[in-house]
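Trainee: Give me coordinates for this.
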Amino acid sequence: MMMLRATLLTILCLSAGCRSLSPEPTPPSATTTLRFRDVTQEAGLTLLRQNGAFGRRWMPETMGGGGAFLDYDQDGWQDILILNNPAWPGRKSGNTPDPAVVLYRNMGNGRFRDVTREAGLYLTDFYGMGVAVGDYDNDGYDDLFLTAVGRGRLFHNISNGAGSRRFIDVTASSGIDDRGWSSSVAWLDYNRDGRLDLFVGHYLQWSPETDLTCGVIEKTYCRPQEYPGETCRLYRNEGRGRFRDVTREAGIFNPHSKALGICIDDIDDDGWPDILVANDMEPNTVYRNTGRGRFVEVGLDTGIALDDNGRARAGMGIDVTSIPPARRVLTIGNFCFEALAFYERTAPMIYQERSRQVGLHTPSYPYITFGLFFADFNQDTRPDLLVTNGHIEDNVERTNPGQSYPQPVLLFEQQATDRFVEVGQTAGLGPPMVGRGACRGDFDNDGRPDILLIPNVGALRLLRNETRTDHHWIGLRLIGCKSNRNAYGARVEVHTRQQVQEAMVRSGSSYLSAQDTRLLFGLGTVDRVERVVIHWPSGARQTLSAPQIDRYLTVAEP
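Mentor: Numbering: from 1, shown residues only. Next up is the predicted model:
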């Protein structure tokens, strides 16, 4: 009887849109001093993203693609890479196929130039999903791994002999044979040998041949429960451009995983990078690094595997940050009527759900959240939270009037009371969109983090941060020597007379996307940093006394 009641409640929820289950009406956006301006067109980002749909309603068409801020040519300006899916492999989208990857070079004057062809990234027979940026051979230039429905690809960043850079596909020679439906991906040096290893999230066992027909009156996109999951995979960097699959021996193998978001963090502060995975309708997983080449899955122990009712949610984007003084917090995007998950670490490896207490639950409750990230947009030392939303059904208004395909972009400004207030409508984030990927990066190097939003279909959205403030800031770009060149895994403390802020250099986070890996600290009204302490992955500790502020500093490991 209980099972019948639960089934009936689910049917009512799907048909009525769960509006009666919402805890309270979504409050209107508050006013704010945060200001953003859409500069997409003037910046030259002309791509209209596509998902390859051609009437068959194949499930990957709902998931969108990601993007990245990266400085691929090391000229000091953040470039932009976008995953596009104009057509399924084997199907043409026109006489001149649109590229599946688009690379825009930052010209340093507010404008970008499409350099996809000359950079060697003009792909057409490729259904891409996510991207990770990292210098796997420590030559000073970032390489790329692109996930896909089919087979992921590794691209090595090389000189073209004319003073510029291009990428060559080295997948075959690398030993990485990553097939299936891969999603988010991240670089990390899990064994701290100075070489970046690769963690690839995998979603479902799906292919055109195994596609299922869902829906009664007409075909709809299937739910993730209809397909078995795929294990995530870990590839160890053996040096000289070669990788080895160590998924099983490292303790990562889990055939029930349905990974969509990946975040690298040190959950127990032991100096070894751990891996947090947001899964779709399966428990979120936390792989604790033992420091001996193996991981132990501790998701249930940490408290983030399930919601407070013991149920798995539709985890998608994921990110972590530290809120002064020394509060580690984690957020995960979920499906509509599940709300954002927001966890605060109350002890090493122990997290407590606090989305209601901090004001995130109600405003996010009606929406499907994909990309998200923390950033201190107004440099007041308190990280804010950007969330992009969008439904998976392009005709949802017909079947569920309480939902829409495009959904609002939400911006949560953190208050001095530690609560978050949604201010997106007044901050200039633009109209609703079918949101998927989301990236943070300071493309104009003014110390104010900007926003890049990648929709499932439609125009990109580059939002320049034009918040007026008299606050100070400091930015840090770390270069490893004994540690990996990107310094992934390094932990940085910024000490002022008022407080200590900390952050970790990492790959991954958000959804299918890669972030500007420079660390950016807002200082508020404080006009002096007493010291910066860097804990390098190699174990070295470095202190900078009274560094200059209101600028980016490049710091090399001793």
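
Trainee: Ser483 contacts Arg541, doesn't it?
Mentor: No - distance between Ser483 and Arg541: 11.9 Å, which falls outside the contact criterion (Cβ atoms under 8 Å). Heads up, the C-betas are built off the backbone N, CA and C, glycines and all.

Trainee: which one of these two has more residues nearby?
Mentor: When Ser483 and Arg541 are compared for neighbours, Ser483 comes out ahead with 24 against 11, by other Cβ atoms under 10 Å.

Trainee: What helix or strand is the more buried one located in?
Mentor: Ser483 is part of no helix or strand when elements are defined by DSSP states H and E.

Trainee: got the contact list for it?
Mentor: When the contact criterion is Cβ atoms under 8 Å, 6 or more residues apart in numbering, the partners of Ser483 are 189, 192, 194, 489-490, 536-538, 540, 557.

Trainee: Pull out the buried members of the residues you listed.
Mentor: Among the contacts of Ser483, those classed as buried by 16 or more other Cβ atoms under 10 Å are 189, 192, 194, 489-490, 536-538, 557.

Trainee: which stretches of this protein form helices?
Mentor: 2-16, 40-43, 171-174, 299-302, 361-364, 396-399, 424-427 (DSSP state H).

Trainee: Quick check: buried residues in the second one?
Mentor: Using 16+ other Cβ under 10 Å as the test for burial, helix 40-43 gives 40, 43.

Trainee: just checking, what packs against that helix?
Mentor: In terms of contact count using 3 or more Cβ pairs under 8 Å, 6 or more residues apart in numbering; DSSP states H and E, helix 40-43 is assigned the packing partners strand 461-465.

Trainee: For the strand it packs on, list the C-alpha coordinates in PDB.
Mentor: Provided in PDB are the C-alpha atoms of strand 461-465 (Å, rounded to 0.1, in the frame of the first residue of the first chain):
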ATOM      1  CA  ARG A 461      26.500  34.900 -22.800                       C
ATOM      2  CA  LEU A 462      29.700  36.700 -21.800                       C
ATOM      3  CA  LEU A 463      28.900  39.000 -18.800                       C
ATOM      4  CA  ARG A 464      31.500  41.600 -17.900                       C
ATOM      5  CA  ASN A 465      31.700  42.400 -14.200                       C
END
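
Trainee: Use 46 as the first number for this chain going forward.
Mentor: Done: numbering now begins at 46, and the last item shifts to strand 506-510.

Trainee: which ones are touching the residue nearest to Asp572 when sequence neighbours are not counted?
Mentor: Setting aside the residues directly before and after it, Asp572 is nearest to His517 in space (Cβ to Cβ, 6 or more residues apart in numbering), at 5.7 Å. Contact partners of His517, counting by Cβ under 8 Å, 6+ apart, are 424, 567-572, 594-595.

Trainee: gap between His517 and Arg401?
Mentor: The gap separating His517 from Arg401 is 34 Å, by Cβ to Cβ, to the nearest Å.

Trainee: Please apply the same query to Leu279.
Mentor: Between Leu279 and Arg401 the computed distance is 35 Å (Cβ to Cβ).

Trainee: Settle it for me: which of those two has more neighbours?
Mentor: Taking other Cβ under 10 Å, Leu279 and Arg401 do not tie; Leu279 has more neighbours (25 against 13).
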